[in-house]
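A.B. asks: Sequence first, predicted coordinates after that:
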Amino acid sequence: MNNLLTKESIRLYTDNLKKTYIMGENRIEALKGISFEVKNGEFIAITGTSGSGKSTLMHLLGCLDVPTSGDYFIDGENVATMNRNELATIRNRKIGFIFQKFHLLADLNAIDNVALPQLYAKKAETEAREKALQTLKIVQLENRADHFPFQLSGGQQQRVAIARALINDPTILLADEPTGNLDTTTGEAIMNIFRRLNRERKTTIILVTHEPEIAAQADRVIDLRDGTIKSDNRI
Ligand SMILES: Nc1ncnc2c1ncn2[C@@H]1O[C@H](COP(=O)(O)OP(=O)(O)O)[C@@H](O)[C@H]1O
Ligand SMILES: [Mg+2]
């Protein structure tokens, strides 16, 4: 493969990414120099003990926070030097983020929660709702479009959150312990959705988990330890 092709197949690339939190007198080095690359269509699990820096890394990868130092490229653009507005635009166009605790808006029903990223992308409301309904079909929840979060089970809320993450057709899906608040059977259903998206749409997926059975479903496992990469293995 020539250089150009190799470059084009790289979706994400981090170089010596560091994040230090300052808490009064204390400096917490949450990430101490993370370098890795992610190819188009990879399905990666990030594992590691509590406090090893998994969520910090995911927030940087998802453009929800900025690094203290180091570089981070998405499709060849250095995100580490972007301002908040530019980051928000990249996030809205390219990234879907799924949280352990769903983070749905309690006063919006399922369809309006899912439609929100379309409205941020300045799409018309009718168009956004139509796309939201289509996207709810992917997670098989079109029959719950009018339900508010409190009227949905945990697994259903997470499926709504996945639809919200998918509505702008992201090429990168990031999920921080997406099955952590769910029972095993429900968690398995959520994993089936991720696997299908990766297989059928070639969506690049990076998923944090501390469950070995979940990590085993990925193509590659990156293990974090104390803010550094302890191992990075294709399986
Ligand atoms: N916003 C924050 N402010 C200060 N310290 C933080 C913050 N977020 C995380 N940390 C600290 O950074 C380290 C890594 O945390 P985190 O990335 O949440 O780990 P993990 O997700 O692997 O459990 C921990 O020591 C944690 O206490
Ligand atoms: Mg975490």
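C.D. replies: Right, received. Where do you want to start? Ligands and ions are numbered 1, 2, ... in the order given.

A.B. asks: going forward, measure contacts between C-alpha atoms and count neighbours the same way
C.D. replies: Fine.

A.B. asks: quick one: buried residues of stretch 121-138?
C.D. replies: Buried residues in stretch 121-138, counting neighbours by 16 or more other Cα atoms under 10 Å, are found at 128-129, 131-136, 138.

A.B. asks: Return the subset of these lying in helices.
C.D. replies: Among the buried residues of stretch 121-138, the ones falling in helices (DSSP state H) are 128-129, 131-136, 138.

A.B. asks: how close does the spatially closest residue to K94 that is not a sequence neighbour sit to ligand 1?
C.D. replies: Spatial nearest neighbour of K94, excluding adjacent residues (Cα to Cα, 6 or more residues apart in numbering): P170 at 4.4 Å. Applying Cα to the nearest ligand atom, to the nearest Å, the value for P170 to ligand 1 is 23 Å.

A.B. asks: contacting residues around P170?
C.D. replies: By Cα atoms under 8 Å, 6 or more residues apart in numbering, the contact set of P170 is 93-96, 203.

A.B. asks: switch the cut-off to 6 Å
C.D. replies: When contacts are counted by Cα atoms under 6 Å, 6 or more residues apart in numbering, P170 touches 94-96.

A.B. asks: Compile those into TSV and extend it with columns for neighbour count and secondary structure.
C.D. replies: Shown next, in TSV, are these (neighbours: other Cα atoms under 10 Å; DSSP: H, G, I helix; E, B strand; the rest coil):
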residue	neighbour count	secondary structure
K94	17	helix
I95	23	strand
G96	25	strand
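
A.B. asks: ok, of the ones in helices among the buried residues of stretch 121-138, which one's closest to E86?
C.D. replies: Distance to E86, by Cα to Cα, is smallest for A128 among those, at 22.3 Å.

A.B. asks: What's the first helix or strand after the lowest-mean-pLDDT helix or strand in the chain?
C.D. replies: When the helices and strands of the chain are scored by mean pLDDT, DSSP states H and E, helix 3-8 comes last with a mean of 51. From helix 3-8 onward toward the C-terminus, using DSSP states H and E, the following helix or strand is strand 10-23.

A.B. asks: Spell out which residues of this protein are next to ligand 1.
C.D. replies: 21, 30, 50-56 (Cα under 6 Å from any ligand atom).

A.B. asks: Identify the farthest-apart pair in the ones in helices among the buried residues of stretch 121-138.
C.D. replies: The span of those, defined through Cα to Cα, is set by A128 and I138 at 15.6 Å.

A.B. asks: Where does pLDDT dip in the protein?
C.D. replies: Low-confidence segments of the chain (pLDDT under 70): 1-8.

A.B. asks: circling back to that earlier point, just flag the most distant two among the residues of the chain next to ligand 1.
C.D. replies: Y21 and S50 (16.5 Å).

A.B. asks: Just want the phi and psi numbers for L64.
C.D. replies: phi -90, psi -10 (degrees, to the nearest 10).

A.B. asks: do you know how far it is from T89?
C.D. replies: Distance, L64 to T89, by Cα to Cα, to the nearest Å: 11 Å.

A.B. asks: what's across from the residue lying closest to H210 once chain neighbours are set aside in the sheet?
C.D. replies: Excluding the flanking residues, the one nearest H210 by Cα to Cα, 6+ apart is T47, at 5.5 Å. Beta bridges link T47 to D223, judged by DSSP bridges.
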